[in-house]
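S.K.: got a structure for you, letters missing:
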């Protein structure tokens, strides 16, 4: 079965609401729901985060990154939450959920793709945070959150890669090849971009994302980036282009455009995009590192 047919199978599952998530995702979603409760206190949040050692370490690391550290290092989860606020905390919990979506395959190829996809995701999240704060003047925490979740569909595909190994390879559907085994959608083969959107939407329904973030993800799937960027979608698209590590499951977007990435630049106030990114190098580096931790 080639990649096109595998995607059709998963799209069919998405239409039926039959997507299957790893068991630990449910527990993390419950944690997210509790933290999103307006009555949740910092003390309660601290206790919940401490129950997840990796999450606790990431919360402290991000609080101490150059993007958030404005008053010296913090050394405990409660102080880190006080510094970050609940919006950023929820974004960090979402990063845990996104990683969990890929499952825990022992297949080395799947593990490598998962790690590469997370490196790409962390870079896009950090770039989105800086671009929003320094250029588009949008809420940087929302932008980082959008960057964290922008590959949810592909993380889910990785969880299905043992059953459908062709998901890890470029599409090889031959011209004139006919598939009589699976039902067609809209009387055509499933378009790769539309299938990503269908699967992505099915996944984000579980994550209860804010409307502004969903709209930004739609821009990722279908939109065109304005230059200079203005919206959250523009911010996300630009960050995606600038990320040094490309999505290992994106077999279409970068083949011709990657060589132009270093040439992306425009005037921002008294500076340029490139000068802002150079000035923000430490913030980008430490925030990306903290997200990867």
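M.R.: The structure has been received and is ready for your questions. Small disclaimer: the values here were computed from a predicted structure and weren't measured.
S.K.: helices along the stretch 101-250 of the chain, start to end?
M.R.: Along the stretch 101-250 of the chain, the stretches classed as helices by DSSP state H, counting those that start in this stretch are 108-131, 140-149, 152-159, 192-207, 211-222, 232-242.
S.K.: so the last one versus helix 140-149, what angle?
M.R.: Angle of helix 232-242 versus helix 140-149, following axes from the mean of the first three to the mean of the last three Cα atoms, to 10 degrees, is 60 degrees.
S.K.: what packs against helix 232-242?
M.R.: Contact partners of helix 232-242 among helices and strands, from 3 or more Cβ pairs under 8 Å, 6 or more residues apart in numbering; DSSP states H and E: helix 108-131, helix 140-149, helix 211-222. Heads up, the C-betas are built off the backbone N, CA and C, glycines and all.
S.K.: angle of that helix against helix 108-131?
M.R.: Using the same axes, to 10 degrees: helix 232-242 against helix 108-131 is 130 degrees.
S.K.: state the mean pLDDT of helix 232-242.
M.R.: For helix 232-242, the mean per-residue pLDDT is 94.
S.K.: how far out from the middle of the chain is that helix?
M.R.: Chain-centre distance of helix 232-242: 12 Å, with Cα atoms, centre = their mean, to the nearest Å.
S.K.: residues making contact with that helix?
M.R.: Residues from elsewhere that reach helix 232-242 (Cβ atoms under 8 Å, 6 or more residues apart in numbering): 123-125, 127-128, 131-132, 135-136, 138, 142-143, 146-147, 150, 212-213, 215-220, 223, 225-226, 229, 257, 261, 264, 277.
S.K.: just the buried residues from the residues you listed, in PyMOL please.
M.R.: If you want just the buried ones from those in PyMOL, going by 16 or more other Cβ atoms under 10 Å, the selection is:
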select buried, resi 123+124+125+127+128+131+132+135+136+138+142+143+146+147+150+212+213+216+217+219+220+223+225+229+277
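S.K.: worst average pLDDT in the helices and strands packed on helix 232-242?
M.R.: Across the helices and strands packed on helix 232-242, helix 211-222 gives the lowest mean pLDDT, at a mean of 89.
S.K.: that one: how far from the chain's middle?
M.R.: 12 Å.
S.K.: state the distance from residue 245 to residue 71.
M.R.: 31 Å (Cβ to Cβ, to the nearest Å).
S.K.: just put the helices and strands packed on helix 232-242 in JSON lines and tack on distance to residue 79.
M.R.: Formatted as JSON lines, the helices and strands packed on helix 232-242 follow (distance: least, Cβ to Cβ, whole Å):
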{"stretch": "helix 108-131", "distance to residue 79": "21"}
{"stretch": "helix 140-149", "distance to residue 79": "18"}
{"stretch": "helix 211-222", "distance to residue 79": "27"}
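S.K.: for residue 273, find the nearest of the ones you listed.
M.R.: Nearest to residue 273 among the helices and strands packed on helix 232-242 is helix 108-131 (8.3 Å), distances taken as Cβ to Cβ.
S.K.: now the end-to-end length of stretch 277-285.
M.R.: 11 Å (Cα to Cα, to the nearest Å).
S.K.: if we can go back for a sec, can you list the helices of the stretch 101-250 of the chain in TSV and add distance to residue 273?
M.R.: Formatted as TSV, the helices of the stretch 101-250 of the chain follow (distance: least, Cβ to Cβ, whole Å):
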stretch	distance to residue 273
helix 108-131	8
helix 140-149	15
helix 152-159	26
helix 192-207	26
helix 211-222	19
helix 232-242	8
